[in-house]
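Next one to model:
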Amino acid sequence: ELQGVLRKSLLNLTGPILVPDFLPEEVHQTPPRAEGASASKEGDSSSAAYDLKSFLEGRLTGSQDLYAEAIEFMERYVVMRVLQTTGGNQSRAAKILGITRGSLRNKTHALGIKIDQVISHDSESDEE
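Below you'll find the predicted structure:
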(Lines give C-alpha, C1' and ligand atoms only; values in the text may rest on other atoms or scores of the structure.)
Protein backbone atom coordinates (compact mmCIF):
# COMPACT_ATOMS: atom_id res chain seq x y z
CA GLU A 1 0.00 0.00 0.00
CA LEU A 2 2.85 2.34 0.81
CA GLN A 3 4.41 1.69 -2.59
CA GLY A 4 1.06 2.54 -4.18
CA VAL A 5 0.90 5.84 -2.31
CA LEU A 6 4.47 6.68 -3.31
CA ARG A 7 3.92 5.72 -6.96
CA LYS A 8 0.78 7.84 -7.10
CA SER A 9 2.68 10.71 -5.48
CA LEU A 10 5.48 10.41 -8.03
CA LEU A 11 2.98 10.49 -10.88
CA ASN A 12 1.50 13.73 -9.51
CA LEU A 13 4.87 15.47 -9.44
CA THR A 14 5.20 18.56 -11.56
CA GLY A 15 8.91 18.96 -10.84
CA PRO A 16 11.85 17.04 -9.38
CA ILE A 17 10.73 17.41 -5.75
CA LEU A 18 8.18 15.31 -3.86
CA VAL A 19 6.52 17.53 -1.27
CA PRO A 20 4.12 16.46 1.50
CA ASP A 21 1.18 17.97 -0.42
CA PHE A 22 1.33 14.97 -2.77
CA LEU A 23 1.00 12.48 0.12
CA PRO A 24 -2.23 11.55 1.93
CA GLU A 25 -3.06 13.93 4.80
CA GLU A 26 -2.53 11.33 7.56
CA VAL A 27 1.05 10.67 6.43
CA HIS A 28 2.33 14.22 6.77
CA GLN A 29 0.40 15.31 9.85
CA THR A 30 2.74 15.88 12.77
CA PRO A 31 1.88 16.31 16.42
CA PRO A 32 2.31 19.81 17.87
CA ARG A 33 5.89 20.45 18.98
CA ALA A 34 6.72 21.42 22.52
CA GLU A 35 7.84 25.00 23.07
CA GLY A 36 11.48 25.45 22.18
CA ALA A 37 11.56 22.63 19.64
CA SER A 38 13.92 23.63 16.89
CA ALA A 39 12.93 22.19 13.50
CA SER A 40 9.88 23.53 11.71
CA LYS A 41 7.65 21.55 9.38
CA GLU A 42 8.90 23.62 6.47
CA GLY A 43 12.51 22.88 7.41
CA ASP A 44 11.80 19.15 7.56
CA SER A 45 10.10 19.24 4.16
CA SER A 46 12.83 21.22 2.45
CA SER A 47 15.48 18.94 3.92
CA ALA A 48 13.65 15.86 2.62
CA ALA A 49 13.19 17.50 -0.78
CA TYR A 50 16.90 18.36 -0.93
CA ASP A 51 17.82 14.78 0.01
CA LEU A 52 15.56 13.40 -2.74
CA LYS A 53 16.99 15.83 -5.28
CA SER A 54 20.54 14.88 -4.29
CA PHE A 55 19.65 11.20 -4.42
CA LEU A 56 18.17 11.50 -7.91
CA GLU A 57 20.94 13.73 -9.27
CA GLY A 58 23.55 11.24 -8.09
CA ARG A 59 21.88 8.35 -9.88
CA LEU A 60 20.53 9.87 -13.10
CA THR A 61 23.43 8.74 -15.25
CA GLY A 62 24.51 5.46 -13.66
CA SER A 63 21.32 3.74 -12.57
CA GLN A 64 19.59 0.93 -14.42
CA ASP A 65 16.55 0.96 -12.10
CA LEU A 66 16.14 4.53 -10.88
CA TYR A 67 12.39 4.25 -10.30
CA ALA A 68 12.75 1.29 -7.91
CA GLU A 69 15.68 2.97 -6.16
CA ALA A 70 13.69 6.20 -5.72
CA ILE A 71 10.67 4.30 -4.38
CA GLU A 72 12.89 2.53 -1.84
CA PHE A 73 14.54 5.82 -0.84
CA MET A 74 11.19 7.55 -0.30
CA GLU A 75 9.68 4.51 1.39
CA ARG A 76 12.57 4.47 3.87
CA TYR A 77 12.09 8.19 4.57
CA VAL A 78 8.30 7.91 5.02
CA VAL A 79 8.53 4.86 7.31
CA MET A 80 11.27 6.43 9.43
CA ARG A 81 9.41 9.76 9.68
CA VAL A 82 6.15 8.09 10.74
CA LEU A 83 8.00 5.97 13.31
CA GLN A 84 9.65 9.12 14.68
CA THR A 85 6.27 10.83 14.89
CA THR A 86 4.76 7.90 16.80
CA GLY A 87 7.76 7.53 19.11
CA GLY A 88 8.41 4.05 17.72
CA ASN A 89 4.84 2.82 18.33
CA GLN A 90 4.52 0.30 15.51
CA SER A 91 0.75 -0.12 15.84
CA ARG A 92 0.13 3.63 15.47
CA ALA A 93 2.69 3.89 12.68
CA ALA A 94 1.08 1.01 10.78
CA LYS A 95 -2.34 2.65 11.14
CA ILE A 96 -1.03 5.99 9.80
CA LEU A 97 0.65 4.20 6.88
CA GLY A 98 -2.48 2.15 6.15
CA ILE A 99 -0.70 -1.20 6.50
CA THR A 100 -0.71 -3.99 9.08
CA ARG A 101 1.78 -4.06 11.92
CA GLY A 102 3.27 -7.22 10.42
CA SER A 103 3.73 -5.48 7.06
CA LEU A 104 5.42 -2.58 8.84
CA ARG A 105 7.81 -4.98 10.59
CA ASN A 106 8.58 -6.64 7.25
CA LYS A 107 9.23 -3.22 5.68
CA THR A 108 11.49 -2.05 8.50
CA HIS A 109 13.47 -5.28 8.21
CA ALA A 110 13.70 -5.09 4.39
CA LEU A 111 14.72 -1.42 4.51
CA GLY A 112 17.26 -1.95 7.31
CA ILE A 113 15.41 0.32 9.75
CA LYS A 114 15.92 -0.38 13.44
CA ILE A 115 13.17 1.05 15.64
CA ASP A 116 15.50 1.89 18.55
CA GLN A 117 17.76 3.90 16.21
CA VAL A 118 14.77 5.82 14.82
CA ILE A 119 13.64 6.74 18.33
CA SER A 120 17.12 7.71 19.55
CA HIS A 121 17.71 9.77 16.37
CA ASP A 122 14.43 11.62 17.01
CA SER A 123 15.31 12.24 20.67
CA GLU A 124 18.68 13.69 19.70
CA SER A 125 17.09 16.10 17.21
CA ASP A 126 14.54 17.23 19.84
CA GLU A 127 17.38 18.15 22.22
CA GLU A 128 19.06 20.51 19.70
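
Could you report the pLDDT at residue 125?
For residue 125, the pLDDT comes out at 50.

any idea how far residue 111 is from residue 83?
Plainly put, residue 111 is 11 Å away from residue 83 if you go by C-beta to C-beta, to the nearest Å. Backbone N, C-alpha and C define where each C-beta goes, glycine included.

And what about residue 99, helix, strand or coil?
What DSSP: H, G, I helix; E, B strand; the rest coil gives for residue 99 is coil.

so where's the protein uncertain?
Applying pLDDT under 70 to the chain flags residues 1, 12-50, 117-128.

make it 50
31-43, 128 (pLDDT under 50).

show me where it has helices.
Remark: helices assigned in the chain by DSSP state H are 2-11, 25-28, 41-59, 66-85, 90-97, 101-111, 115-127.

Let's have the ones you listed in TSV, adding mean neighbour count.
Below are the helices of the chain laid out as TSV (neighbours: other C-beta atoms under 10 Å):
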stretch	mean neighbour count
helix 2-11	15
helix 25-28	14
helix 41-59	13
helix 66-85	18
helix 90-97	18
helix 101-111	15
helix 115-127	13
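
Next one: the residue nearest to residue 104 when sequence neighbours are not counted from residue 81, what distance?
With C-beta to C-beta, 6 or more residues apart in numbering as the criterion, residue 104 has its nearest non-adjacent residue at 4.3 Å, and that residue is residue 94. According to C-beta to C-beta, residue 94 stands 14 Å off from residue 81.

swap in residue 115?
From residue 115 across to residue 81, the span is 13 Å (C-beta to C-beta).

what do you get for residue 89?
Applying C-beta to C-beta, the value for residue 89 to residue 81 is 14 Å.

what does stretch 98-117 contact?
Stretch 98-117 is contacted by residues 1-2, 5, 24, 26, 72, 75-76, 79-80, 83, 88, 90-91, 93-94, 97 when judged by C-beta atoms under 8 Å, 6 or more residues apart in numbering.
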